[in-house]
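Enquirer: got a structure for you, letters missing:
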């Protein structure tokens, strides 16, 4: 396949591809280094922001919860401060008057009817008898609460505990002493609806997909929330099973307040970050938390964005490199083409690349070289002609005893072809009687002394002998002899 | 709307092109190292390798659950190839027909397009229909194999594999090329598919519409660049042959593969029958008719093609807004 030779595969990786690899490596490398640093910094910043957010939410939630609790106490005090209630209770204590009981019952019914927050009220006489009750509280609850309030009765409003409706909604129970001018007349029990707790914890704004605000209270099993936990259905009380490890609910109930970021596991067994508060008036704990995984999500998303950006930019790196590569490779290819044509003997080939950069310089130099070469070739051609047409015998010989080059006159005069002349030591052709003198002459030439006129005999192809008179110039650095010989009739001519 | 998405799409296309190029060069160099004849190399590695970018995108999009992207891309590309690429090139310099095989191939293209519409008629493309498309690919390849071999021999005489500049000889460099190509192609495909889907979400349109427009124009960009460059150098005789071949390949191979590997049948939106299929068929028929009467696609036709393309895009936009069709 002769045309196979035309398939010019550049033997190495082409400039375009090299540029692409280099640019992609630089872009990806620098972007990834940048990303690594930013990732680290951004991770810290996101961590700090998350911590601040948790702290802020814990603070505002605990403030809100405390104000809810204060509001409940105020409600209780407001009921307890009703003068008619206390006066009627004193009358009842004194006489057991059914009319007084009627009045008390009316007052209680008025209150439960008008104030939604109050679920139930009950009034006990000084001796502990139940005087009147209103609202939907079950007797059993009151029965539980009564001894608790008896245990220690003070002027102050006392928080007794939490009960849950069958639907799971919390109710908070309070007791307070009823007195007139320092005289104890009985007790008031108030059961308040705790739905505001649900409202407080239902708002998960700023807590992402997994975060939540939890209000927990001690329970026989450890702790429980006063509201449905996030993800469970509405109205369902979340029983919080404390995790084995460090549970934020446990920390909050123990009274540890602050921000916890390490080794914290919540009731679902997830690693979380949490801020905790303790509510002393009720003995509850407040927990604001979110999953560490979700917080890390932001960082992962950020890292993905960075990698995607790096890849995108590297893509443009490829684009730029390919264009640059073509811009450089195309003129170089055409220069190589020109050099190849000159090498193959086409002296008219010239580069047409017009550029002001190094490639342009290369093109101009190549053209200059071609000009120079063309001149030299012409010169060479002229001297070649002299060499070929000369009737004198011209040769280049080595001091090793071989002809390196002979002109056609040599073959014509002696009758030997070029192979014979170049392939054998020329001393084989020298007449035996002239051998010694010729050897001496060559020794002198080897020392750099030119031969002006030296005569010897050479054997012709037909067996005859020809007298030749030699003029030789040695070139010591190459060991070559440039010699001209002329045929003469005999030694007398010398 | 994040402009970065378009950069990502464009960048993904570059990865695909360069990854495909590297992989082909690596494979060709490897084959040459094992003294595989150039003819075999050209008809296998080069023929398949140059289609690899599209195929990788198809696999990525289908497996990621966006087969509509592929359907939209195939139909949109076929429309863009004729109306945008041929149109733009013809405006610069009239497109002529290289040899008689172009006329036969353009008839094949019309037949293939009709086959696609026929298969879509029931509203879905299922596994059987995908197999029919792939079978069509085999038939067309068998019918044109001898021709391809002859064309290769001629092309080898004229310009011997000149486009594969820089074939590596060092084994490690060859492996680097193949590895870089094998990494670059899926990265590019993922970038293209992700960006397309995100553009669809940002515009509030289906992935099919993005396939018909953004992705179709994006994947036609290389053809547009090479054809326009050829037109500027007044070498347009291969342009129509390339477009016709690409359109056939899109339907038979690209869509064939997508339908075959798709876990569920691909839904064909109803709007395709009122706008996109008619435009695709119309463009194919007009191009074939011009080939039949041996009329070069001149400047006037080029302008008409471009106007038709812009009109098509506008109608598509109106359909997306629910105004027409």
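Expert: Structure received. Computed from a prediction, not measured in an experiment: that's the story for all the values here. Numbers count the residues shown, from 1 in each chain, chains lettered A, B, ... in the order given.
Enquirer: where does chain A dip in pLDDT?
Expert: For chain A, applying pLDDT under 70 flags the ranges A:1-13, A:137-155, A:221, A:231-245, A:492-494.
Enquirer: Could you check how far the residue of the stretch 151-300 of chain A found nearest chain B is from residue A:294?
Expert: Relative to chain B, the nearest point of the stretch 151-300 of chain A is residue A:300 (16.0 Å; Cβ to the nearest Cβ). (Each C-beta comes from the backbone N, C-alpha and C, glycine too.) Applying Cβ to Cβ, to the nearest Å, the value for residue A:300 to residue A:294 is 10 Å.
Enquirer: Show me which of the two is the more surrounded one.
Expert: Counted by other Cβ atoms under 10 Å in any protein chain shown, residue A:300 and residue A:294 do not tie: residue A:294 has more neighbours, with 17 against 12.
Enquirer: what's the spacing between the helix or strand the more buried one falls within and its chain's center?
Expert: Secondary structure from DSSP states H and E places residue A:294 in helix A:292-343. Chain-centre distance of helix A:292-343: 17 Å, with Cα atoms, centre = their mean, to the nearest Å.
Enquirer: Tell me the span between the first and last residue of stretch B:59-77.
Expert: 17 Å (Cα to Cα, to the nearest Å).
Enquirer: tell me what the helix or strand hosting residue B:6 is packed against?
Expert: Taking DSSP H and E as the criterion, residue B:6 maps to helix B:3-33. If contacts are counted by 3 or more Cβ pairs under 8 Å, 6 or more residues apart in numbering or on different chains; DSSP states H and E, helix B:3-33 sits against helix A:15-80, helix A:292-343, helix B:38-41, helix B:47-49, helix B:52-63, helix B:171-203, helix B:216-232.
Enquirer: how many other residues sit next to the spatially closest residue to residue B:92 that is not a sequence neighbour?
Expert: Spatial nearest neighbour of residue B:92, excluding adjacent residues (Cβ to Cβ, 6 or more residues apart in numbering or on different chains): residue B:231 at 4.0 Å. By other Cβ under 10 Å, 21 other residues sit near residue B:231.
Enquirer: With distance to residue A:169 added, can I get the helices and strands packed on helix B:3-33 in a markdown table?
Expert: As requested, the helices and strands packed on helix B:3-33 are exported to a markdown table (distance: least, Cβ to Cβ, whole Å):
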| stretch | distance to residue A:169 |
| --- | --- |
| helix A:15-80 | 15 |
| helix A:292-343 | 29 |
| helix B:38-41 | 79 |
| helix B:47-49 | 69 |
| helix B:52-63 | 49 |
| helix B:171-203 | 41 |
| helix B:216-232 | 58 |
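Enquirer: most neighbours per residue, which of those helices?
Expert: Mean neighbours per residue, mean count of other Cβ atoms under 10 Å in any protein chain shown, is largest over the helices and strands packed on helix B:3-33 for helix B:52-63, with a mean of 23.
Enquirer: Where does the stretch 51-200 of chain A get nearest to chain B, which residue?
Expert: Residue nearest to chain B within the stretch 51-200 of chain A (Cβ to the nearest Cβ): residue A:53, separated by 26.1 Å.
Enquirer: Tell me the secondary structure at the nearest residue to that residue once chain neighbours are set aside.
Expert: The shortest distance from residue A:53 to any non-neighbouring residue, by Cβ to Cβ, 6+ apart, is to residue A:206 (6.5 Å). Assigned with DSSP: H, G, I helix; E, B strand; the rest coil, residue A:206 falls in the coil class.
Enquirer: Pull the contacting residues for whichever residue of the stretch 301-450 of chain A sits closest to chain B.
Expert: With Cβ to the nearest Cβ, the shortest gap between the stretch 301-450 of chain A and chain B falls at residue A:315, namely 2.7 Å. Residues near residue A:315 by Cβ atoms under 8 Å, 6 or more residues apart in numbering or on different chains: B:10-12, B:14-15, B:188, B:191.
Enquirer: do you know how far it is from residue B:181?
Expert: 15 Å.
Enquirer: Torsion angles phi and psi at residue B:73?
Expert: Backbone torsions for residue B:73, taken as degrees, to the nearest 10, come to phi -60, psi -40.
Enquirer: scratch that, residue A:182
Expert: phi 80, psi -10.
Enquirer: Near it, how many other residues are there?
Expert: Number of residues near residue A:182 (other Cβ under 10 Å) recorded here: 6.
Enquirer: and what of residue A:404?
Expert: By other Cβ under 10 Å, 13 other residues sit near residue A:404.
Enquirer: One more: the one 10 residues further on?
Expert: Number of residues near residue A:414 (other Cβ under 10 Å) recorded here: 22.
Enquirer: now it, nearest residue through space, not along the chain?
Expert: For residue A:414, the closest residue by Cβ to Cβ, 6+ apart turns out to be residue A:460, at 5.0 Å.
Enquirer: returning to what we had before: any idea which helix or strand comes after the helix holding residue A:294?
Expert: helix A:358-389.
Enquirer: Who are the packing partners of whichever helix or strand comes after that following helix?
Expert: Next in sequence after helix A:358-389, counting helices and strands by DSSP H and E, comes strand A:393-398. Here strand A:393-398 touches strand A:403-406, helix A:408-414, strand A:480-488, going by 3+ Cβ pairs under 8 Å, 6+ apart.
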